[in-house]
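[1] What follows is a protein structure lacking sequence information:
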């Protein structure tokens, strides 16, 4: 206590001396004020952080007289560029591909300052006092207290002490009034929980009219507060937004941030777009609240917070709606001068700040397909860049804005010209460009630059010099003028390090040089060449080297190019001797791990994740964790502790990506079942992975199925190389696997909604289950089963349910919605919230062919042909030479080969004529290949055999049969319609699984070169 008090008074003396030094030199107004010392009394405060009242402490803290208070200095919020002026020649547009609409101002333009008042001295003293007493320096706000109450009502763990304190003090803040109205509504309905009763007791018997007297004079009535409470009382997030946009009255800003918070699970994209339209119509511009109430103003700071939450929702569910959010941001930025008024220089400064903040927001990768969906981020950034070039004067980009653009560009697939540049790279290292013909000899070095490299040149021309982070981006961007060429590699760039950890950006440059290689030998050469002499590799550099060592080599028939994925390419030995090859060969992963430990580097971050993901056994993964900073979590993952406060504490502090790597390792190293054996928890790693995932998501305070990443891993392994083994025998494996998969698939779709990843996994598991249930291997050859594996009709019901879910999911994912007003007229004013790629179309086509659903195959083919004229639909599949284009051609070839046996000849001829018509009139690049090797005869026979044997499934879905008793299938007395009980019939009561242990075995599906 004495030490804390001594430290406090030392800080007070320092602050007092600073204040006295800054006081004006003129004499004071009175002798009394001049002789009055700066006295601050020590007041004992509560040590409970949630009970800290900053207002009360400020009242207890005496301030110096007015004559001794220092005048606040006005500072700018914006970070100035390195140079005071920005040349007009360096400000050019990069967002518009055509380059039209660029306007270059004349002369130099200085950055207009954005001024704000400095915080008073008492705030600094208060923060210092709170820090010494162990109290929080930033007390919870009323909006945060209301959000905690809503989360607690939804079943999450939250601290309600701040809200109780606000209610007891009769706070007239709008969030507290809304919380009080919610409690009164719950009391009237008789649905109060125990914690809500305690909140009502803390509020007491206050008079509503007296409580809201101040707000009524400002234009807020009791009816308004009750209306806000009615909005927040909705059961689902979609219903909350639907209530929010149901009328035209203005709402306070805190209500918008509540309904699109990170804990809100939205499922209807049309309702989300209606919210964007509502904000654009009611809040953008000079709208004011009732009777001029300033609490309803949505300032540019509020807009920044709202845009951050809207972008987060899009990245989680609908990345294709990011351009719509960008259109809203454009409306906000354009309306700032009218909303702010006053100095136009200040409005321009805020416009520039908001523009660069939005560029950084759109630089974050999506959650489901971080690389494949990054094209939506680029489309959103182009909307903002087009605005910056059309305004007068044009808005400038900061260093962070350029980095956000380049972070998106390096994650995009290579364009046609970039692919040609990669093909001309020499097989030796460094990969200098080779000239194949005379046109290559006439090409300049600038012609081989990627778009990300060109943006880097614009950044340097704008006055921002390169640092280690920028040079790392140049490395993965490919060839850069004046530097040694590298391989252009698709990458997700980590955020730049700042502050005390800025030195780690040097490691980022080194790590990117290791990553931008074609194989492990080239990576080892860059690993052994540090950017600075004597520099030792860090865990980040080791992580990229481990990734190259663990990566699989591409097959011979692939059309991938170096840098398209993680897979490595063959090593070019040339005329090297065996001794030289042995000298430059990289070490094994185990040897590199020992080198890392001997150099004093612990496995942390991405290095630990890569090691755990590729561990050969659970024991080896535990050894990696024991050598890392997460050594206390070893007994948690080992299974030594199962419950208690320590278990929950360790589980909540485990990084999510490390948990995902652990789950992947458990699924991959699952013990293969050889004979019937008793159930033991240690031998059932699949069940352990599912249990750990559920408990982890409950420990961190989120819904069990809010985060779908770990369930994607489990379902992906069941749909791919994994199997769930049943006690009845190996022939029932497909039944148990499909039942377990459908259980998790249905629950995940119900909680979070359908997305492209769930659709992809369902297509794979359906085809896998049908093949394994139809064909059997006898003496190394495939033979048709005499009778399909269908115990008591369970597999039939599961397949019927899966086929219905497939059709409903495709209909949902391809359903367009009305676009935001003012959006450029694409697709007749419609927007597609879900972006399906060619691989989804190919998987769905093959799943339908295995099920024998020719009618749905024809409908899918019509949708493919109609999408040729639609923008932002299958764009990556329309350019010849791209991998997605080859996948689409394979899907078309599969339809015309398998569909010839399932679809009527008249419909087949009609679709073929439509394809030829598109080629003649619309210059369609899709065609019907004549080479039968694209779809092997063996694959066609396997799928048609399964379709013939399981025809009763198709008949049940279309109402032509009961699904039971057809085709020699064992009948069952239960109803054939699938129910939730039928879907989860193979799931035990205590944990998702089967009646016996689940054993996963690594196997590839037979009969097809590319697996499924």
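    That came in fine, so what should we check first? Keep in mind it's a predicted model, so treat the numbers as computed, not measured.
[2] Only C-alpha atoms from now on, for both contacts and neighbour counts.
    Noted.
[3] Check the burial of the residue lying closest to residue 524 once chain neighbours are set aside by counting its neighbours.
    Closest residue to residue 524 apart from its sequence neighbours, by CA to CA, 6 or more residues apart in numbering: residue 586 at 5.6 Å. Counted with other CA atoms under 10 Å, the neighbours of residue 586 add up to 20.
[4] Make 265 the starting number, not 1.
    Fine by me, first position is 265 from now on; the one you just mentioned is residue 850.
[5] Wait, residue 850 touches residue 790, no?
    No: shown here, residue 850 and residue 790 do not form a contact pair, counting by CA atoms under 8 Å, at 10.9 Å.
[6] Identify the residues contacting the residue nearest to residue 788.
    Applying CA atoms under 8 Å, 6 or more residues apart in numbering to residue 850 gives the contacts 784, 785, 788.
[7] Domain map for this structure?
    As given by automatic domain parsing, the domain ranges for the chain are 266-344+375-397, 500-660, 1025-1042+1053-1247.
[8] Name the surrounding residues that touch stretch 884-897.
    866-868, 872, 875-876, 879, 898, 901-902, 914-915, 918, 926.
[9] now with 6 Å?
    Contact partners of stretch 884-897, identified using CA atoms under 6 Å, 6 or more residues apart in numbering, comprise 866, 867, 876, 879.
[10] Present these as JSON lines; the columns should include neighbour count, pLDDT and secondary structure.
    Output for the contacts of stretch 884-897, formatted as JSON lines (neighbours: other CA atoms under 10 Å; pLDDT from 0 to 100; DSSP: H, G, I helix; E, B strand; the rest coil):
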{"residue": "866", "neighbour count": "19", "pLDDT": "93", "secondary structure": "coil"}
{"residue": "867", "neighbour count": "27", "pLDDT": "94", "secondary structure": "coil"}
{"residue": "876", "neighbour count": "28", "pLDDT": "95", "secondary structure": "helix"}
{"residue": "879", "neighbour count": "22", "pLDDT": "94", "secondary structure": "coil"}
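[11] tell me which of these is nearest to residue 542?
    Top of the list for closeness to residue 542, among those and by CA to CA, is residue 876 at 47.0 Å.
[12] Next, the nearest residue to that closest one once chain neighbours are set aside: secondary structure please.
    Leaving aside its sequence neighbours, residue 876 sits nearest to residue 885 (CA to CA, 6+ apart; 5.1 Å). With DSSP: H, G, I helix; E, B strand; the rest coil as the basis, residue 885 sits in helix.
[13] Could you report the distance from residue 885 to residue 739?
    From residue 885 over to residue 739 the distance is 32 Å, taken as CA to CA, to the nearest Å.
[14] circling back: the residue nearest to residue 788 belongs to a helix, doesn't it?
    No: Residue 850 is assigned coil when assessed by three-state DSSP, not a helix.
[15] From residue 586, how far out is it?
    For residue 850, the distance to residue 586 - CA to CA - is 43 Å.
[16] Residue 971 too?
    Distance, residue 971 to residue 586, by CA to CA: 20 Å.
[17] In terms of neighbours, single out the busier of these two.
    Per other CA under 10 Å, whichever of residue 971 and residue 586 has more neighbours is residue 586, with 24 against 18.
[18] in the protein, which spans are strands?
    339-340, 349-350, 373-374, 379-380, 1039-1042, 1045-1048, 1081-1082, 1094-1095 (DSSP state E).
[19] What does the pLDDT read for the most centrally placed residue in the chain?
    What sits nearest the mean C-alpha location of the chain, by CA atoms, centre = their mean, is residue 631, with 2.3 Å. pLDDT, residue 631: 89.
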